[in-house]
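Student: Any chance you can model this:
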Amino acid sequence: MQYTFSRQQRLRSSHDFDRVYALKRRFSDSRLLVFAAVNGLNQTRIGLSVSRKQGSAVKRFRIKRLLREAFRLSQHELPIGYDLILIPRVGVDAGVDDFRESLVSLVGKAARQLKN
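Tutor: Predicted structure coming up:
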């Protein structure tokens, strides 16, 4: 299996973010909040939203790196065909494994609910 994270797997335009937010389908746990939408593609894409409440630019960028790595390592466990926006909870000190665990469980829950 390849564990790459290509440009096609990223939500980049504000239109894509607005579309996912507009559906108001959100799933959360103590570490992560995930907004989800069906995208009709043969891959799952992610976007990241890390607010200034998380801390300095250095801290925010570290959180983004951890979230991207969690997605990269978990992408083969996730259902295909969804757009996801990942928002970490403020004040949570989580590592890659913690984010992976949250990501897999929340996206699984989202897929079950969005399929119906």
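Student: and the nearest residue to residue 92 once chain neighbours are set aside, what pLDDT?
Tutor: Excluding the flanking residues, the one nearest residue 92 by Cβ to Cβ, 6 or more residues apart in numbering is residue 31, at 5.1 Å. For every residue, glycine as well, the C-beta is placed using N, CA and C. What the model reports for residue 31 is a pLDDT of 93.
Student: Pop out the phi and psi values for residue 84.
Tutor: Recorded main-chain torsions at residue 84 are phi -130, psi 140, according to degrees, to the nearest 10.
Student: Give the other helices and strands that the longest helix seen in the chain contacts.
Tutor: Criterion DSSP state H: the longest helix present in the chain is helix 96-115. Under the contact definition 3 or more Cβ pairs under 8 Å, 6 or more residues apart in numbering; DSSP states H and E, helix 96-115 sits against strand 26-28, strand 32-38, helix 57-74, strand 82-88.
Student: Just give the closest residue to residue 29, not the sequence neighbours.
Tutor: In space, residue 29 is closest to residue 102, 5.3 Å off (Cβ to Cβ, 6+ apart).
Student: for the one you found, what are its contacts?
Tutor: Residues near residue 102 by Cβ atoms under 8 Å, 6 or more residues apart in numbering: 29, 31-32, 94.
Student: For residue 91, see how far away residue 46 is.
Tutor: 22 Å (Cβ to Cβ, to the nearest Å).
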